[in-house]
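Colleague: What follows is a predicted structure for the sequence shown.
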Protein chains: 2
Amino acid sequence: MGIIVQKFGGSSVADTEKLYNICKHIIREYNDGNKVVVVVSAQGKTTDRLITEEKEITENLNPREHDVLVSVGEQITISKLAMCLKEKGYSAISYTGWQLPILTNSIYGNAQVQSIDTSKIMDKLNSKYIVIVAGFQGIDNEQNITTLGRGGSDTTAVALSIALKAERCDIYTDVDGIYSSDPRIVENTIKIDTISYDEMLELASSGAKVLHNRCVQIAKDYNMPVCVKSTFEKESAGTFVTSKNNLEHTCIKGIAKCDGLVRITVIGKNNKIGRIYRLFSILANNNLNVDTIVQSFGEHIEKDISFTVKEKDLDETIELLNNHASELDILEIRQDKGLSKISIIGIGITNNLNITSNLFELLYENNINMHMITTSEIKISIIVNNNVADFLMQKIHDKFIV
Amino acid sequence: MGIIVQKFGGSSVADTEKLYNICKHIIREYNDGNKVVVVVSAQGKTTDRLITEEKEITENLNPREHDVLVSVGEQITISKLAMCLKEKGYSAISYTGWQLPILTNSIYGNAQVQSIDTSKIMDKLNSKYIVIVAGFQGIDNEQNITTLGRGGSDTTAVALSIALKAERCDIYTDVDGIYSSDPRIVENTIKIDTISYDEMLELASSGAKVLHNRCVQIAKDYNMPVCVKSTFEKESAGTFVTSKNNLEHTCIKGIAKCDGLVRITVIGKNNKIGRIYRLFSILANNNLNVDTIVQSFGEHIEKDISFTVKEKDLDETIELLNNHASELDILEIRQDKGLSKISIIGIGITNNLNITSNLFELLYENNINMHMITTSEIKISIIVNNNVADFLMQKIHDKFIV
């Protein structure tokens, strides 16, 4: 039998009872004859608590020391989980990121995995141990502690699966798979059995929070099957994320929503070459993420370009644009707050003309005004007012999925 | 100027305010032109809390995973202290035990330091950094995390001072030095300015809790001056522990007390060679520490030997002796509970006949019964009933010190 990597997030390991709960998933795979490697996050609110204490000390981020501080959360979990498994009669051993080591670059707080030395893990797996690895953390070439940033433990799990040539990587979470839409908003959502890496990437970057798109990207690059499963169900089939697509799937895989957007429209004097490039490079250099971009090519002398930013970035964006107004030939800046983006994801979606026309029909029938639309090979995103977004999601779900 | 190593214990770093408080001691030495290396313990009750959580998981100790768990306490402190110093405008960097590394043997929970690589520290000191090192922890040859056991951070500080060829090692604590006796029990105690390693060793092993005798032993072996100072006073002269003795010191340096002792008397059939060796090796093999030992060499056929153990070890000791009663030719076992040991420490103490006779006179005058007495080059210990111990300590202090 092969190697299975299992990852359990913070809510799955929050206390002693929950640690013992996840042992049953570990032991089940182990007793089936698999070699089991477990990646864990910090318990519950541990990292949040450390960050609160850090803010008590200083409002200035010290990237290196921040990573030294927050990496202890995972170290606590690995030792405790090893104790639980031993208490249940199994051989288990824990490893921190530096003990393997998991080598990363030196970007504190958002480091990228460069390589993983699996020799200690393989030794222990061959001696019938269950191996537990701290997620979210690594070290750079100088032995400084680094952390991987958001979705870090998922990234550790997938990267480790690849390094170990594992059969698959199971991501255990508090839901039993990826759904066709957010069950807290939309009725009659259905669980997706199989989804392609590309569809999952679009879903993740469009607002679905189950998997971080960073780990999906790595899984895709190395063709590592990832399975999203429920920690709290006895045995869940979950959702498979693979390169193989389920032939029977409906064209539309999922519908995701992202709230809290603002549309900024910049009206300029003319379409001087490089003006738009300059505008977006100024925003990017200030770490302002721009999402949907639409440019009009009207006949009149003024040219306008619209894009969306997160509400939290609005003030900074407007200030930057004002500071560069003359350089960028800006005549006027408009803003529309309270917008949401709804994305419809499925392979071949834009080749299917019915979907686009059905979508426009649905908007017309329900008298919903669409501010912007963008399409890619596998995604259609529309920007609408936030107050109709949930209603529209349900309507789209009813029409295209169920 | 040279290198100063400062060590701050758990109560000195318990919260953000206290972390900022110790910065003033660090910055004072730094601004005086010294190269400063700081060793810290876990904050306040952090380690206790982790151990409570560990006991929730299992009553069985898993030595390796225990050390992985409890070593996070110091890692939290080093990162926070580095943040405090940076906030105050100083360059500071933290190192865990493994980052240097501090190499130890593999005795989890009670590891001994083998060597310390000081290259990273020296680099940073030469670049004007204040260097902060996690106490209590190291790694073995296989990169397993180890902890140094009781008094571990003091040991780290002294070992590091030796490796760095520091000028001295300052141990900051909640008292401003070593006192002639415990100020919570005895009135008119006086602070000791200078004490020899040997006297300090006897004081520490006789019940004085300020310094652990393990770190004093290392300091003695390498002739590293150690200074015990107060964290909470602006600038305290403290007590120097060195090889140089203060010529003006009174013969008696200090008086220490150790409560909770039981005297066990074993009455045997004869004095067969090896019987006593066998008795104490059985106890030692079961990690039962025996303290004061007195053997009578009477004329009668029965031989008896008395020794003291800690009350918590009583049941196990008695059980062991009963199990080996025939092998050890034991006729009877007696026990006297509720005893205390008072130790009087000073170089040349047993060469000074006045002290011994004055001590006996004092016991006689106050009608105090002494159960046992042992003497060494620099110590006289007497075993008395616990209910007279504090009174007697004061009387001895009044007579010999003030």
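Modeller: That came in fine, so what should we check first?
Colleague: which bits of chain A sit near chain B?
Modeller: Counting by CB under 8 Å from any CB of the partner chain, chain A comes close to chain B at A:16, A:19, A:50, A:53-54, A:56-58, A:60, A:62, A:64-66, A:68-69, A:71-72, A:75-76, A:78-80, A:82-84, A:86-87, A:93-94, A:96, A:98-99, A:143-145. From N, CA and C alone the C-beta is placed, and that goes for glycine too.
Colleague: are any of the residues you listed buried, and which?
Modeller: A residue is treated as buried here by neighbour count (16 or more other CB atoms under 10 Å in any protein chain shown); on that basis the buried members of the residues of chain A next to chain B are A:16, A:19, A:50, A:53-54, A:57-58, A:62, A:64-66, A:68-69, A:71-72, A:75-76, A:78-80, A:82-84, A:86-87, A:93-94, A:96, A:98-99, A:144-145.
Colleague: among the residues you listed, which are in helices?
Modeller: Helix and strand membership here follows DSSP state H; of those, those in helices are A:16, A:19, A:50, A:53-54, A:57, A:64-66, A:68-69, A:72, A:75-76, A:78-80, A:82-84, A:86-87.
Colleague: Residue A:186 and residue B:338, how far apart?
Modeller: When CB to CB, to the nearest Å is the yardstick, residue A:186 and residue B:338 sit 73 Å from each other.
Colleague: Might you list the low-confidence residue ranges for chain A?
Modeller: Chain A contains residues with pLDDT under 70 at A:245-250, A:270-273, A:295-303, A:350-351, A:353, A:402.
Colleague: Show me what residue A:257 bridges to in the sheet.
Modeller: Beta-bridge partners recorded for residue A:257 (DSSP bridges): residue A:342.
Colleague: neighbours around it, how many?
Modeller: Other residues near residue A:257 number 21, with proximity taken as other CB atoms under 10 Å in any protein chain shown.
Colleague: ok, now residue A:182?
Modeller: As a burial measure, residue A:182 scores 19 neighbours (other CB under 10 Å).
Colleague: Phi and psi next, for it.
Modeller: Note on residue A:182: backbone dihedrals following degrees, to the nearest 10 are phi -70, psi 110.
Colleague: Residue A:142 too?
Modeller: Reported as degrees, to the nearest 10, the phi and psi values for residue A:142 are phi -100, psi 10.
Colleague: same thing with residue A:133?
Modeller: The main-chain torsion angles of residue A:133 are listed as degrees, to the nearest 10 and equal phi -120, psi 140.
Colleague: Please apply the same query to residue A:267.
Modeller: Listed backbone geometry of residue A:267 is phi -100, psi 120, with angles given as degrees, to the nearest 10.
Colleague: Correct me if wrong: it contacts residue A:332.
Modeller: Yes: at 4.3 Å, residue A:267 counts as touching residue A:332 under the criterion of CB atoms under 8 Å.
Colleague: Neighbour count: these two, which is higher?
Modeller: Between residue A:267 and residue A:332, counting by other CB under 10 Å, residue A:267 is the more crowded of the two (16 against 11).
Colleague: So that one versus chain B, what's the distance?
Modeller: Between residue A:267 and chain B the distance, using CB to the nearest CB, to the nearest Å, works out to 45 Å.
Colleague: Which stretches in the stretch 201-350 of chain A count as strands?
Modeller: Taking DSSP state E, counting those that start in this stretch as the test, the strands found in the stretch 201-350 of chain A are A:226-230, A:239-242, A:254-268, A:293-295, A:303-310, A:330-345.
Colleague: Next up, the contacts around residue A:178.
Modeller: Contacts of residue A:178 were listed using CB atoms under 8 Å, 6 or more residues apart in numbering or on different chains, and they are A:191-192, A:195, A:200, A:203, A:208, A:210-211, A:228, A:239, A:241, A:254.
Colleague: repeat that with 7 Å
Modeller: Each residue near residue A:178 by CB atoms under 7 Å, 6 or more residues apart in numbering or on different chains is listed here: A:192, A:195, A:203, A:208, A:210, A:228, A:239, A:254.
Colleague: Now residue A:197: closest residue in space that isn't a chain neighbour?
Modeller: Spatial nearest neighbour of residue A:197, excluding adjacent residues (CB to CB, 6 or more residues apart in numbering or on different chains): residue A:220 at 3.5 Å.
Colleague: wait, doesn't that neighbour sit right on residue A:196?
Modeller: No: taking CB atoms under 7 Å as the contact criterion, residue A:220 and residue A:196 are not neighbours in contact, 8.6 Å apart.
Colleague: Roughly how far does whatever residue of the stretch 101-250 of chain A ends up closest to chain B sit from residue B:148?
Modeller: Per CB to the nearest CB, residue A:143 is where the stretch 101-250 of chain A lies closest to chain B, at 5.2 Å. Residue A:143 sits 21 Å away from residue B:148, taking CB to CB as the criterion.
Colleague: what does residue A:16 give?
Modeller: Taken as CB to CB, the spacing of residue A:16 relative to residue B:148 amounts to 27 Å.
Colleague: How about residue A:78?
Modeller: 21 Å.
Colleague: sec struct for residue A:165, please.
Modeller: coil (DSSP: H, G, I helix; E, B strand; the rest coil).
Colleague: Repeat that for residue A:160.
Modeller: helix.
Colleague: Hmm, it is touching residue A:117, no?
Modeller: No: with the criterion set as CB under 7 Å, residue A:160 and residue A:117 do not qualify as a contacting pair; they are 10.9 Å apart.
Colleague: which of these two has more neighbours?
Modeller: In terms of neighbours (other CB under 10 Å), residue A:160 is the more surrounded of residue A:160 and residue A:117; the figures are 26 against 13.
Colleague: show me what contacts the spatially most central residue of chain A?
Modeller: Among the residues of chain A, the one closest to the centroid is residue A:212, at 1.8 Å (CA atoms, centre = their mean). If you count contacts by CB under 7 Å, 6+ apart, residue A:212 has them with A:150-151, A:154, A:204.
Colleague: and those residues, which two are the farthest apart?
Modeller: Checked with CB to CB, these reach their widest spread between A:150 and A:204, with 11.3 Å between them.
Colleague: give me the number of residues near residue A:63?
Modeller: Using other CB under 10 Å: residue A:63 sits among 14 other residues.
Colleague: repeat for residue A:229
Modeller: Summarising burial for residue A:229: neighbours were counted as other CB under 10 Å, giving 21.
Colleague: beta partners for it?
Modeller: Applying DSSP bridges to residue A:229 yields these beta-bridge partners: residue A:172.
Colleague: dump the residue contacts of it.
Modeller: A:170, A:172, A:176, A:236, A:238.
Colleague: What residues does the closest residue to the third one other than its chain neighbours make contact with?
Modeller: So that's residue A:176. By the measure of CB to CB, 6+ apart, the closest residue to residue A:176 outside its immediate chain neighbours is residue A:230, 3.6 Å from it. Residue A:230 makes contacts with A:173, A:175-176, A:236, A:238, as judged by CB under 7 Å, 6+ apart.
Colleague: quick one: terminal-to-terminal distance for stretch A:200-212?
Modeller: The first and last residues of stretch A:200-212 sit 9 Å apart, counting by CA to CA, to the nearest Å.
Colleague: for stretch A:6-26, same thing?
Modeller: As for stretch A:6-26, its first-to-last residue distance stands at 8 Å under the measure CA to CA.
Colleague: Then stretch A:157-172?
Modeller: Using CA to CA, one end of stretch A:157-172 lies 11 Å from the other.
Colleague: And for the residue nearest to residue A:197, the neighbour number?
Modeller: Taking other CB under 10 Å as the neighbour definition, residue A:220 ends up with a count of 20.
Colleague: Now do residue A:66 against residue B:99, distance only.
Modeller: 16 Å.
Colleague: now swap in residue A:379 and tell me
Modeller: Between residue A:379 and residue B:99 the computed distance is 45 Å (CB to CB).
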